[in-house]
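Q: coords below, sequence missing:
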Ligand SMILES: Nc1ncnc2c1ncn2[C@@H]1O[C@H](COP(=O)(O)OP(=O)(O)OP(=O)(O)O)[C@@H](O)[C@H]1O
Ligand SMILES: [Mg+2]
């Protein structure tokens, strides 16, 4: 389990992380979403012990993570958002090099390297120079490398960026596979819909703060809340329907086109059911009552915009 408590990180006067809190349970596939500069890489580098925080704590399986702490580093694997330059290594040699860094050498180590390269579908490239691998292959090699010491928690920083749709699909399959093997996975991206397809939980970070965290169902529900309820009634009942709708405190805005009413509604599913019941009780002839699935993109943008508006207000309209 990963626990991040009140993490703060400043670069000079600039706060990259502000009281960041996050818990990721065992076996979760957690999607860490944020725009450029939101603080994803900073968080990950602190979690894997590559960067020190100014204050706050990170716990891995209940043990406090300190920067450059070897014992706990063994519990975590990290796939950074860049691939270093390694001249004159073949794919297999590259794996053997990292295995040896963990004291793994000899036949067992070679078999492990081969198994991992098979897992990431690179076993046909054993003798290829790593610099001659495509971008997607390099990403997969980084993943194989990060698994060499069999970590419990795996951090992947934007592993899907720059990959074509097929490579993205393959990466997702590999990550789902690793998740089903019991590994806890934290994966970052700019794109919420991309992560929603494979993650069990999602967290949205903005300007170094966790703005929303929930299961994928909760995130979809939050997105649905953004879209209006569409009610189709018999045309003669429009005025009566408006009267009932206007009485509901969750109704923010009403508009109608012919016999189709659009309701901007802030309530949850239960409140929605209450609204429908009220209409039926008043004898409104309803032809349909639906709330479209919300757009994850729209939800993400709304959270980012809300954060910006709050900051503007705090700073009297002066942008950071
Ligand atoms: N070494 C550094 N020196 C100064 N500022 C930094 C440094 N590293 C990061 N920052 C700043 O901290 C903020 C968070 O950066 P970070 O790299 O964590 O964001 P990110 O969410 O990973 O963004 P991206 O999606 O672009 O990778 C940014 O505003 C960035 O400019
Ligand atoms: Mg980053």
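A: Structure received. Because the structure is predicted, anything quoted here is derived from the model rather than measured. Ligands and ions are numbered 1, 2, ... in the order given.

Q: Got phi/psi on residue 44?
A: Per-residue torsions, residue 44: phi -60, psi -40 (degrees, to the nearest 10).

Q: what's the answer for residue 258, then?
A: phi 50, psi -120.

Q: residues touching the residue of the stretch 101-250 of the chain found nearest ligand 1, list them.
A: Ligand 1 sits closest to residue 190 of the stretch 101-250 of the chain, with a gap of 5.8 Å, by C-beta to the nearest ligand atom. The C-beta positions use only the backbone N, C-alpha and C, and glycine is treated the same way. Going by C-beta atoms under 8 Å, 6 or more residues apart in numbering, residue 190 touches 33, 34, 35, 36, 158, 161.

Q: Out of those, which end up buried?
A: Using 16 or more other C-beta atoms under 10 Å as the burial test, the contacts of residue 190 include 33, 34, 35, 158 as buried.

Q: re earlier: do you know how far the residue of the stretch 101-250 of the chain closest to ligand 1 is from residue 286?
A: Distance check for residue 190 against residue 286: by C-beta to C-beta, to the nearest Å, it reads 41 Å.

Q: count of neighbours near residue 29?
A: When neighbours are defined as other C-beta atoms under 10 Å, residue 29 has 24 of them.

Q: is it true that it touches residue 197?
A: No. Between residue 29 and residue 197 there is no contact under C-beta atoms under 8 Å: 10.7 Å.

Q: tell me the pLDDT at residue 70?
A: Looking at residue 70, its pLDDT stands at 60.

Q: same check, this time on residue 63
A: The model reports residue 63 with a pLDDT of 86.

Q: What is the neighbour count of it?
A: Neighbour count for residue 63, taken as other C-beta under 10 Å: 12.

Q: From residue 185, how far out is it?
A: Per C-beta to C-beta, residue 63 is found 19 Å from residue 185.

Q: Out of the buried ones among the contacts of residue 190, flag the one nearest to residue 44.
A: Proximity of the buried ones among the contacts of residue 190 to residue 44 (C-beta to C-beta) peaks at residue 158, which lies at 9.9 Å.

Q: ok, for the closest one, nearest residue in space, not its chain neighbours?
A: Spatially, and ignoring its direct neighbours in sequence, residue 158 is nearest to residue 81 (4.8 Å; C-beta to C-beta, 6 or more residues apart in numbering).

Q: Compute the distance between that neighbour and residue 138, please.
A: From residue 81 over to residue 138 the distance is 12 Å, taken as C-beta to C-beta.

Q: do the same with residue 36
A: From residue 36 across to residue 138, the span is 22 Å (C-beta to C-beta).

Q: how about the spatially most distant residue from the centre of the chain, secondary structure?
A: Distance from the C-alpha centroid of the chain peaks at residue 236, with 47.0 Å (C-alpha atoms, centre = their mean). Here residue 236 is recorded as helix under DSSP: H, G, I helix; E, B strand; the rest coil.
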